[in-house]
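Engineer: have a look at this prediction, sequence included:
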Amino acid sequence: MNKKIFLIMYVIMTFAILTACTNSEDSNGVSFSATVLENNESYLLVEPKEGSTELNSADRIKVSVNDATLLDSQDMEIKIDDIQIGMQTEIFYNGQIAESYPAQIGKCYRIKLLD
């Protein structure tokens, strides 16, 4: 009986440890390519590119830029005013999208302009 309890506890602890290790967040998060539809100084409204998994959530996503690093295609920092409607971007975020319309990304790490 004690061996069964020990084995069950061992399996639970191993599972908990492995789960904790796999949930560690990469500092870059996940990313997707999108076209800028609107620049409101505090957020961008973007349309995910065809084939991205974010397009499964919504065809329009509001991306908060308050804490994001903004970069041009040569990785030089830019200002929000430098991002224009129609520009192609790569959005790096924590992987969470609020299911509203438009969908919303609250934690964006970096927005990079593409050529």
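Structural biologist: Structure received. Note that the structure is predicted; figures quoted are calculated from it, not measured.

Engineer: could you pull out the strands for this structure?
Structural biologist: 30-39, 43-48, 61-64, 69-71, 88-93, 103-105, 108-113 (DSSP state E).

Engineer: against Cys108, how distant is the residue most central in space within the chain?
Structural biologist: In the chain, the centroid-proximal residue (CA atoms, centre = their mean) is Tyr93; its distance is 2.3 Å. From Tyr93 across to Cys108, the span is 5 Å (CB to CB, to the nearest Å). Any C-beta I mention is one placed from the backbone N, CA and C, and that applies to glycine too.

Engineer: shared neighbours of these two, which are they?
Structural biologist: Val63 (CB atoms under 8 Å, 6 or more residues apart in numbering).

Engineer: touching, the residue nearest to the centre of the chain and Lys107? I think so.
Structural biologist: Yes - using CB atoms under 8 Å, Tyr93 is in contact with Lys107, at 6.0 Å.

Engineer: between the two, what contacts are shared?
Structural biologist: Gly29.

Engineer: spit out the contact partners of Asn39.
Structural biologist: 80-81, 83-85 are the contacts of Asn39 under CB under 8 Å, 6+ apart.

Engineer: of the strands of the chain, which is nearest Asn2?
Structural biologist: strand 30-39 (44.6 Å; CB to CB).

Engineer: how far away from the center of its chain is the closest one?
Structural biologist: 11 Å (CA atoms, centre = their mean, to the nearest Å).

Engineer: list the buried ones in that strand?
Structural biologist: 31-34, 36-37, 39 (16 or more other CB atoms under 10 Å).

Engineer: check stretch 83-92 too.
Structural biologist: Buried, per 16+ other CB under 10 Å, within stretch 83-92: 83, 87, 89-92.

Engineer: between the residues you listed, which sits nearest Ser100?
Structural biologist: Ile91 (17.0 Å).

Engineer: pretty sure the closest one is touching Thr35, no?
Structural biologist: No - with contacts counted by CB under 8 Å, Ile91 stays clear of Thr35, the gap being 10.8 Å.

Engineer: much appreciated, bye for now.
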